[in-house]
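Participant: Mind folding the following:
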Amino acid sequence: MTRSEPIGTFRARVTRDASALERDGEKYFAMNRLEEKHGRPHDRPLFEIQFGDGVWMLAREDDLVAGTIGSTTTS
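Facilitator: Model prediction:
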């Protein structure tokens, strides 16, 4: 199933490799939260997100625009 509306916008805040920097500001249309077996205690949740061209990329929660990951935050 393909979504026609974006879920949110990717921002290369924590994920800072060349691919992430090129994708900074792009909309993503699908996402899955990933379970990490050997994550560090203070790491934010890890997601795989899919861009409009079908490419999937790993991203930390900090890279996803607030309010677009299915949870609410209180400021």
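Participant: Name the residues of stretch 39-46 that are buried.
Facilitator: 45-46 (16 or more other C-beta atoms under 10 Å). C-beta: built from backbone N, CA, C; applies to glycine.
Participant: how about the longest strand seen in the chain: buried residues?
Facilitator: Looking across the chain with DSSP state E, the single longest strand is strand 27-34. For strand 27-34, burial by neighbour count (16+ other C-beta under 10 Å) applies to 27-29, 31.
Participant: Spell out the residue ranges of the strands in the chain.
Facilitator: Going by DSSP E, the chain shows strands at 8-9, 27-34, 46-51, 56-60.
Participant: could you give the mean pLDDT of the shortest one?
Facilitator: Computed over strand 8-9, the mean pLDDT rounds to 93.
Participant: what's the offset of it from the middle of its chain?
Facilitator: 8 Å (C-alpha atoms, centre = their mean, to the nearest Å).
Participant: Counting by contacts, list what that strand packs against.
Facilitator: Other helices and strands packing on strand 8-9, by 3 or more C-beta pairs under 8 Å, 6 or more residues apart in numbering; DSSP states H and E, are strand 27-34.
Participant: Partner strands of the strand it packs on, with direction?
Facilitator: Paired strands of strand 27-34, with direction, are strand 8-9 (antiparallel), strand 46-51 (antiparallel) (DSSP bridges).
Participant: what's the closest of those strands to Glu35?
Facilitator: Counting by C-beta to C-beta, Glu35 lies closest to strand 46-51 out of the strands paired with strand 27-34; the figure is 8.5 Å.
Participant: Show me which residues of the closest one are buried.
Facilitator: 46-47, 49-51.
Participant: and that strand with strand 56-60, angle?
Facilitator: 140 degrees (axes from the mean of the first three to the mean of the last three C-alpha atoms, to 10 degrees).
Participant: For strand 46-51, what is the distance to the chain centroid?
Facilitator: Taking the mean of its C-alpha atoms, strand 46-51 sits 5 Å from the chain's own mean (C-alpha atoms, centre = their mean).
Participant: Distance to Leu64 for the strands paired with strand 27-34 - can I get that in TSV?
Facilitator: TSV is the format used below for the strands paired with strand 27-34 (distance: least, C-beta to C-beta, whole Å):
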stretch	distance to Leu64
strand 8-9	6
strand 46-51	7
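Participant: Thanks again, I'm all set now.
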